[in-house]
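>>> no sequence on hand, only this structure:
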């Protein structure tokens, strides 16, 4: 329920309207656009600033220089968008109708792609819907706004957790008792003084399943992730070589990692996403490493068009798969696939292929 309601709210040169009724309408419009939940909250995230600074000071952001560059602006909505007094947070489920993730992870010859990346790029899907929601609000009450979805220096989970959409789990992702954590987040920054939603209590208790399951030990403490060890960072954000010590720990994960979510007890309540754009494309939920390693640059561009995977490029794609092939059981097929790219044009790819071949050589010698 909304709390702290104003008697009325008005936007830019607009008449006052009933604030609670407007929020109820916003929730209905959001639901019609495919959002599973909509919350409204303030912009004061001062309590989150010390944690953000400590995380940056520890270097846990790795080579994501933009995290340090924007600094505390991530916690200060009015500095990012002057005039902002409220943030409308939304949630959209993405759990896809895909091959069972546990079965894919258990087969070292198959490639594991994070469930969020199997379908269409969520940035485009959510941004378009957020724009429609913001425009619909503007038709009722003119307002100044900007929409975001993982596309600007915004503490999305912090905002969402303060607006009743869930609580921050020990893996740092947002959790909801009814549906778990398989959802995307987005925001509308607005100058409308809407009534505030109340946050929900956390329900992780003593559970440490996510911490215990992390393949690389990246969750260094409850609510703290060292990105430099996180498989999602290593396979997506890191532009250069993957550290040697971490390569065997990647297993067959070639784009992202879901282990901390897969073991979370709350995700037993996950529901298949209603949004068809999040359904798997090109069989990426159940493909073999050898098949994906054979993709040319043109094939990669064609088959990942409109996908979040497109952003990493063909070179990093091959780098990641080379590591996974190095972790696969030694066979003539695996060795042949690696040998075929031993002289790849990319030095990055060549180095990872050489590592994989050496790993198989050591295994065969043993």
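Thanks, I have it. Computed from a predicted structure; not experimentally measured.
>>> burial of residue 153, as a residue count?
18 (other CB atoms under 10 Å). The C-beta positions use only the backbone N, C-alpha and C, and glycine is treated the same way.
>>> can you classify the nearest residue to residue 360 once chain neighbours are set aside as helix, strand or coil?
The spatially closest residue to residue 360, leaving aside those adjacent along the chain, is residue 330, at 4.6 Å (CB to CB, 6 or more residues apart in numbering). Secondary structure, DSSP: H, G, I helix; E, B strand; the rest coil: residue 330 is coil.
>>> for residue 330, phi and psi?
Main-chain dihedrals, residue 330, degrees, to the nearest 10: phi -70, psi 130.
>>> how is the chain divided into domains?
2-98+116-197, 288-360 (automatic domain parsing).
>>> least reliable of the ones you listed going by mean pLDDT?
Here those differ in mean pLDDT, and the lowest is domain 2-98+116-197 at a mean of 91.
>>> hang on, the earlier thing: what about the residue nearest to residue 360, neighbour count?
Residue 330, neighbours per other CB under 10 Å, totals 14.
>>> ditto for residue 316
Counted by other CB under 10 Å, the residues lying close to residue 316 total 23.
>>> that one should be in a helix, yeah?
Yes. Membership of residue 316 in a helix is supported by three-state DSSP.
>>> so it sits right up against residue 239, yeah?
Yes. Assessed by CB atoms under 8 Å, residue 316 is found in contact with residue 239 at 7.3 Å.
>>> residue 261: which of the domains of the chain is closest?
Closest to residue 261 of the domains of the chain is domain 2-98+116-197 (CB to CB; 5.3 Å).
>>> which residues in the stretch 201-350 of the chain form helices?
Using DSSP state H, counting those that start in this stretch, the helices assigned to the stretch 201-350 of the chain run over residues 209-213, 231-232, 259-262, 289-293, 297-303, 313-327, 332-340, 347-365.
>>> JSON lines please, covering these and showing distance to residue 56.
Compiled in JSON lines, these are given as follows (distance: least, CB to CB, whole Å):
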{"stretch": "helix 209-213", "distance to residue 56": "21"}
{"stretch": "helix 231-232", "distance to residue 56": "18"}
{"stretch": "helix 259-262", "distance to residue 56": "22"}
{"stretch": "helix 289-293", "distance to residue 56": "35"}
{"stretch": "helix 297-303", "distance to residue 56": "33"}
{"stretch": "helix 313-327", "distance to residue 56": "24"}
{"stretch": "helix 332-340", "distance to residue 56": "38"}
{"stretch": "helix 347-365", "distance to residue 56": "27"}
